[in-house]
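# Let's see this in three dimensions:
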Amino acid sequence: MSVIAKHLSSNLTHVYSKGAPEKILSLCNPSSIPSDFDQVLQRFTKQGYRVIAAGYRDYTPQPKHTQH
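A predicted model of the protein is given here:
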């Protein structure tokens with residue numbers, strides 16, 4: 001699931017997403033992933049926790065095209 005949020009005072013827009021860790025991981029910049037990600041995820045799942053990952057990125061809306 002994702003949402004787009006615009007900060008009114010700074011006019012910046014971000015996309016926030018949540019979901020299965022494996023899916024969010026596939027959408028992320030590899031350099032932003034902690035080196036122990038797999039070990040931490042495995043530890044929590046072995047303890048019976050349900051893990052949900054979250055991520056965000058800056059968003060620049062594309063200009064609207066009008067048809068004439």
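
# any chance you could map the helices in this structure?
Assigned by DSSP state H, the helices in the chain fall at 21-27, 37-46.

# so the nearest residue to Ala5 once chain neighbours are set aside bridges to which residues?
Residue nearest to Ala5 in three dimensions, not counting chain neighbours: His14, with 5.6 Å by CB to CB, 6 or more residues apart in numbering. C-beta here means a position set from N, CA and C on the backbone, and glycine is covered the same way. Applying DSSP bridges to His14 gives these bridge partners: Ala5, Asp58.

# tell me the contacts of Pro34?
Val40 (CB atoms under 8 Å, 6 or more residues apart in numbering).

# So for it, what's the pLDDT?
Note for Pro34: predicted pLDDT of 93.

# before we move on, what about Gly19?
pLDDT, read off for Gly19, is 97.

# Isn't it up against Val51?
No - contact criterion CB atoms under 8 Å: Gly19 and Val51 do not qualify, at 10.5 Å.

# any idea how far His65 is from Thr13?
19 Å (CB to CB, to the nearest Å).

# What of Gly48?
Gly48 is 37 Å from Thr13, by CB to CB.

# What's the local residue count around Ser2?
Close neighbours of Ser2, defined as other CB atoms under 10 Å, add up to 11.

# err, Cys28, not the other one
For Cys28, the neighbour count with other CB under 10 Å is 14.

# list the contacts for it?
By CB under 8 Å, 6+ apart, the contact list for Cys28 reads Gly55.

# thinking again about what came up before, between Gly48 and Thr13, which one's more packed in?
Thr13 (13 against 6).

# Good, we can wrap up now.
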